[in-house]
Structures are given as C-alpha cells and as structure tokens.
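Trainee: Below are the sequence and a predicted model for it; my questions follow.
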Amino acid sequence: MQIPAGKKIYFASDNHLGAPNREQSFPREQKFVQWLDEVKKDAAAIFLLGDLFDFWFEYKTVVPKGFTRTLGKLAEITDSDIPIYYFVGNHDLWMNGYFEEELNIPVYHEPKEFTFNDTKFFIGHGDGLGPGDKGYKRMKKVFTNPVAKWFFRWLHPDWGVKLAQYLSVKNKLISGDEDIKFLGEENEWLVQYSKKKLAEEHRDYFVFGHRHLPMTIDLGGDSKYINLGDWIGYYTYGVFDGAKMELKKYQ
C-alpha cells in the first residue's frame, strides 16, 4: 500500500468496551468514537488490533447488545472508502462474518504482514505468541475448538453473555486492580517473539496490543517492537506518517 501525501495509518487496541459495566465503559466509548471522527480526516487506513469489546460472540442470528455508536462510526468510515482492518483479540475471538458482511471490515485471526511505502509491518493482537503462557495457550485451544463453540452457541444469549462478562470482569487487568508493569525485554513474551521473527526475516515494525502497556523497544537492525497500550487507562494509539511510526496519547 502506498500512502498518499498527507495521509497516515492509524492503529489502536484494547478498548474492552462493556467492561467492567456499561456506566464506566460508556465514556470510554464516546472518547474512542471522537478519536475515530478526528483521525478519519487524514487516515489512509485504520488498524484495530483486537479486544475492541470485552466480550463478543456471534450467534447465528444474534450479536451482543450495545456498542451502537462504535459500530455506526466504523460503518460510516468504511462507507467513505477508508479501509479498516481488524485483528481479533482474546476477548473477541469469536467473530464469524458480522464485521465483514455489515461493516466491510476484513477480520484476521492470525498476525499478518503489511507493507506501507516500502516499510514492512508485522501486525497482530499478540495473545498466545512467544514463549510461556502455556495455560492460556491450552485455554485458547478450547475456546477456538468448533465443538466447544457449538455447545456455547446453544446457551441462550442472556446466559452466555452474562457468564462471559462475569468471567471477564474477574480479570484484574480489566477491572483496574492490577498495575501493569514492564517485565524487562527478556520476560516480555511479545518482544521475544518479535526477535525470533526478525531473525527469520526483516520487518521494520512489529505492532501488537494485548499487553495494555504502551512501549517502543529497539530490536536492533533498524527494527522496533511497538505495543499500543489501551483505551482504559492510557488512551494511546499508533500513527505511521509514511516515514516513521510513533505512539501518541489521545487527550
């Protein structure tokens, strides 16, 4: 993709809309929609790197209630021929056609490489990548198992969504009871994963979400790892102007 003069690529991740409840989530949703309204003015494309919702499951004829302003704004943007790309996260990995059919947004379940103005990006949500976290990796296999999804789909949405929301709010990361700290390069699994991928093939930027901690780390060889942070406490996003990638905070 060649970025036209004066245009930019925008990146955001980890909104967790709906958590821990509608009252606390709604102001964050309003702020995110305001951001979308501003960046669409010079956006060549927008990348959303997962966990837009704290829970999302597509039944055959039903999707979770709410998020009307966000979904409407995304539709408005794609209707104006600005492409949006979505990478599922660990909280909204049960996407199955709704974004593609209703919003014209392609959805990716694995990291993917993109090239903008000869600059190579490796992009994904980031869950389950790199060494360690074996418990989550086993759990993800269950969550993505077709049989498990079939059984969950047979739960009435009122029960299924309530159960998922309860389990999600128990996650201290989302409820705000856990301080997110930098673990050091050797313990940041996504940094280790990026270094391994870099040894296989050069990429200029590795861009992920999931960690909820905004950071930029030099990987050597003119390559950088960037984590986008979140829209719960940081309100950070990435922007590529065709020459360099930066993290910025939305006020």
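Mentor: Arrived safely.

Trainee: need the strands for the stretch 1-150 of the chain, in chain order.
Mentor: Using DSSP state E, counting those that start in this stretch, the strands assigned to the stretch 1-150 of the chain run over residues 8-12, 43-48, 84-87, 107-108, 112-116, 119-123.

Trainee: Could you save the ones you listed as CSV and add columns showing mean pLDDT?
Mentor: As requested, those are arranged in CSV below (pLDDT from 0 to 100):
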stretch, mean pLDDT
strand 8-12, 98
strand 43-48, 98
strand 84-87, 98
strand 107-108, 98
strand 112-116, 98
strand 119-123, 98
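
Trainee: so which of those strands comes closest to residue 149?
Mentor: Closest to residue 149 of the strands of the stretch 1-150 of the chain, according to C-beta to C-beta: strand 107-108, at 15.5 Å. Bear in mind the C-beta positions are built from the backbone N, C-alpha and C, glycine included.

Trainee: Name the surrounding residues that touch the closest one.
Mentor: 85-88, 95, 99-100, 124 (C-beta atoms under 8 Å, 6 or more residues apart in numbering).

Trainee: Among the residues you listed, name the buried ones.
Mentor: Listed as buried from the contacts of strand 107-108 are 85-88, 95, 99, 124; burial here means 16 or more other C-beta atoms under 10 Å.

Trainee: ok so, going back, among the contacts of strand 107-108, which pair sits farthest apart?
Mentor: Top of the distance list for the contacts of strand 107-108 (C-beta to C-beta): 100 and 124, 18.2 Å.

Trainee: Strands of the stretch 151-251 of the chain, start to end?
Mentor: Under DSSP E, counting those that start in this stretch, the stretch 151-251 of the chain gives strands at 205-208, 214-220, 223-228, 236-240, 245-249.

Trainee: Could I get these in CSV, plus columns for mean pLDDT, distance to residue 193 and mean neighbour count?
Mentor: Below are the strands of the stretch 151-251 of the chain laid out as CSV (pLDDT from 0 to 100; distance: least, C-beta to C-beta, whole Å; neighbours: other C-beta atoms under 10 Å):
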stretch, mean pLDDT, distance to residue 193, mean neighbour count
strand 205-208, 98, 8, 26
strand 214-220, 96, 11, 15
strand 223-228, 98, 9, 24
strand 236-240, 98, 18, 23
strand 245-249, 98, 18, 14
